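> let's see this in three dimensions:
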Amino acid sequence: MEVAAVPAFAWRAATPAGRTVRGVEDADTAAAVEKRLGDRGLFALEVSPATASRAAEDRPRAAFRGRRADVAEAVRYLAILLESGFPLDRALAAVSRVVARRDVAAAVLDVRDRVRGGARLDEAMAAHPAAFPRFAVGMVRAGERGGKLAPALDRLAGQMERDLALRSRMVSAMIYPAVVASAGAGALAVLFAWVLPRFVALLADTGSAIPRSTQLLLATGKFVGQWWWALLLVPVVVAAIVAAVRSTDEGRAGVDRALLAVPLVGGLRRRAASARLARTLSALLESGLPILGALEVAAASQSDGAVAEEVLRAREDVRAGDRLAAALRRSGAFPFLFVQMVEVGEEGGRLPEMLERAAASMEGELERGLDRMLRLVEPVMIVFFGLLVGAVALSLLQAIYGIQPEGL
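Sure, this is the predicted structure:
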């Protein structure tokens with residue numbers, strides 16, 4: 001005997017705090033969905049059959065975004081639903097239906113199945129490290145142990161959103177220098193690929209002596225014309241080598257340590273790493289995780305391998321009885337102001353609060369540092385490519401002025 005499928009309804013409701021939540025629920029009628037929402041303290045704004053097109057409309061944003069953005073959105077929805085009184089498994093099912101990316105939705109569904117099978121939420125999330133990083137699992141674990149899962153998820157979503165915003169600002173800051181570099185490289189390519197071959201033919205017809213600077217320029221143009229494909233492969237090969245080196249923990253830490261020593265770039269990386277460490281530590285400590293566990297999770301969440309090693313060393317010093325500020329100062333990987341704010345937080349018993357302030361301070365310094373670097377890089381690049389183009393033009397003019405008319 002074939003069992004009829006229970007229809008699904010897409011709903012939109014308001015929480016007592018005034019926030020709007022969405023979801024999809026299986027029920028016989030729309031009235032049954034409204035009753036369930038009312039029992040949870042939600043005010044139904046709209047309930048309608050969840051057709052495929054309707055589900056697409058109910059997605060809050062387009063699907064063409066990075067995975068981290070969708071994971072942050074899923075965590076945010078989960079926190080809202082849990083605050084509204086949803087059972088965990090049903091909240092996970094609702095989130096899986098409204099998240100945009102299919103791979104993230106599949107991960108959320110698998111988490112729901114594991115939770116239904118008796119696993120804790122942090123254990124289920126740990127099975128999907130590509131979607132949920134270690135610091136996310138640690139914050140959820142701390143929230144579960146402290147009985148504050150919904151607030152922990154809310155803080156986690158905020159942390160992930162701030163990380164994404166910081167990364168987006170850093171990428172956006174590099175767009176203009178990349179455009180300038182591309183324009184300069186394009187101008188040089190036109191000179192070598194189009195102007196120089198015609199100039200060589202002109203000099204050959206006149207039979208005049210070619211100045212040494214022009215000979216060097218022509219040799220360079222000939223080399224570029226013959227080996228342009230190899231020159232294009234150089235950055236690809238270098239990137240592949242760096243990626244292979246960074247595939248191991250030791251190689252990743254070595255490359256990142258070298259980057260920390262680069263002027264300007266190293267300072268920006270230190271501030272970015274300090275801001276991430278402060279945000280993560282603050283959220284973990286607020287969620288109830290002990291300092292040693294919070295440092296371990298924060299180290300695992302660092303994208304900079306050298307900084308992660310320093311955080312783990314600081315953890316061992318704290319385990320041995322040292323203060324966190326002293327351990328961080330000893331590493332030398334963190335800015336002076338950051339360490340001072342951590343020290344003030346420890347002495348006043350307000351470490352999570354001061355870590356939040358330190359994160360905001362480091363992010364502000366990072367933005368100002370990026371702005372200063374761009375103000376320096378832009379004119380340097382313009383002058384550099386201008387000098388190159390000017391040198392090429394001067395060499396060509398020198399050869400032109402050296403042409404002797406026939407018969408003289």
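> give me the buried positions along stretch 381-395.
381, 385, 392, 395 (16 or more other Cβ atoms under 10 Å). For glycine as for every other residue, the C-beta is placed from the backbone atoms N, C-alpha and C.
> got the contact list for the third one?
Each residue near V392 by Cβ atoms under 8 Å, 6 or more residues apart in numbering is listed here: 188, 191, 217.
> over to the second one?
Listed by Cβ under 8 Å, 6+ apart, the contact set of F385 reads 180-181, 183-185, 187-188.
> returning to that earlier point: out of the buried residues of stretch 381-395, who's nearest A27?
Lowest distance from A27 to those (Cβ to Cβ) belongs to M381, with 61.6 Å.
> confirm that that closest one sits in a helix.
Yes: under DSSP: H, G, I helix; E, B strand; the rest coil, M381 sits within a helix.
> the spatially closest residue to it that is not a sequence neighbour sits in which helix or strand?
Distances taken as Cβ to Cβ, 6 or more residues apart in numbering put V180 closest to M381, at 4.8 Å, once the chain neighbours are dropped. Using DSSP states H and E, V180 falls within helix 175-190.
> cool, I80 as well?
Going by DSSP H and E, I80 is part of helix 67-83.
> which other helices and strands does that helix contact?
strand 20-26, helix 88-98, helix 102-116, helix 149-173 (3 or more Cβ pairs under 8 Å, 6 or more residues apart in numbering; DSSP states H and E).
> any buried residues in the shortest one, and which?
Put plainly, it is strand 20-26. The neighbour-count check on strand 20-26 (16+ other Cβ under 10 Å) flags 21-25 as buried.
> now those residues as a markdown table including distance to I175?
Output for the buried residues of strand 20-26, formatted as a markdown table (distance: Cβ to Cβ, whole Å):
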| residue | distance to I175 |
| --- | --- |
| V21 | 36 |
| R22 | 34 |
| G23 | 38 |
| V24 | 39 |
| E25 | 44 |
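> which single one of those residues is nearest to R319?
The shortest gap between R319 and any of the buried residues of strand 20-26 belongs to V21, at 42.4 Å (Cβ to Cβ).
> where's D39 relative to A93, distance?
17 Å (Cβ to Cβ, to the nearest Å).
> what is the burial count for the residue nearest to M381?
18 (other Cβ atoms under 10 Å).
> is it in contact with V383, as I believe?
No: using Cβ atoms under 8 Å, V180 makes no contact with V383, being 10.8 Å away.
> quick revisit: winner for burial among the helices and strands packed on helix 67-83?
helix 88-98 (a mean of 21; mean count of other Cβ atoms under 10 Å).
> before we move on, the earlier item: which of the helices and strands packed on helix 67-83 sits closest to L260?
Within the helices and strands packed on helix 67-83, the stretch nearest L260 is helix 149-173; the backing value is 15.8 Å (Cβ to Cβ).
> quick one: contacts of that closest one?
For helix 149-173, contacts defined as Cβ under 8 Å, 6+ apart pick out 66, 68-69, 71-73, 75-76, 78-79, 82-83, 88, 121, 135-136, 139-140, 142-144, 146, 272, 275-276, 279-280, 283, 286-287, 363, 366-367, 370-371, 374.
> tell me how this structure divides into domains.
Using automatic domain parsing, the domain parsing of the chain gives 8-171, 174-408.
> would you single out the least confident of the ones you listed?
Comparing mean pLDDT across those, the weakest is domain 8-171, with a mean of 76.
> next one: that one to chain centre, how far?
Remark: domain 8-171 is offset 21 Å from the chain centroid, using Cα atoms, centre = their mean, to the nearest Å.
> quick check: end-to-end length of it?
Start-to-end span of domain 8-171 (Cα to Cα, to the nearest Å) is 41 Å.
> likewise for stretch 324-344?
Using Cα to Cα, one end of stretch 324-344 lies 11 Å from the other.
> okay, buried residues for that stretch please.
324-325, 327-329, 331, 333-335, 338-339, 341-343.
> out of those residues, who's nearest V237?
A333 (30.3 Å).
> tell me the contacts of that closest one?
By Cβ under 8 Å, 6+ apart, A333 lies in contact with 260, 270, 273, 306-307, 310.
> same deal with D110?
With Cβ under 8 Å, 6+ apart, D110 has these contacts: 124, 127-128.
> repeat the analysis, applying 10 Å as the threshold.
92, 96, 124-125, 127-128, 131 (Cβ atoms under 10 Å, 6 or more residues apart in numbering).
> got the buried residues for stretch 129-137?
Buried residues in stretch 129-137, counting neighbours by 16+ other Cβ under 10 Å, are found at 131-137.
> right, I mislabeled it, should have said stretch 195-211
Within stretch 195-211, the residues scored as buried using 16+ other Cβ under 10 Å are 196, 199-200, 203, 208, 210.
> farthest pair in those?
Top of the distance list for the buried residues of stretch 195-211 (Cβ to Cβ): L196 and S208, 16.4 Å.
> returning to that earlier point: and the contacts of helix 149-173, which are buried?
Using 16+ other Cβ under 10 Å as the burial test, these include 68-69, 71-73, 75-76, 78-79, 82-83, 88, 121, 135-136, 139-140, 142-144, 272, 275-276, 279-280, 283, 286-287, 363, 366-367, 370 as buried.
> which stretches in the stretch 301-408 of the chain count as helices?
305-319, 324-331, 336-348, 351-401 (DSSP state H, counting those that start in this stretch).
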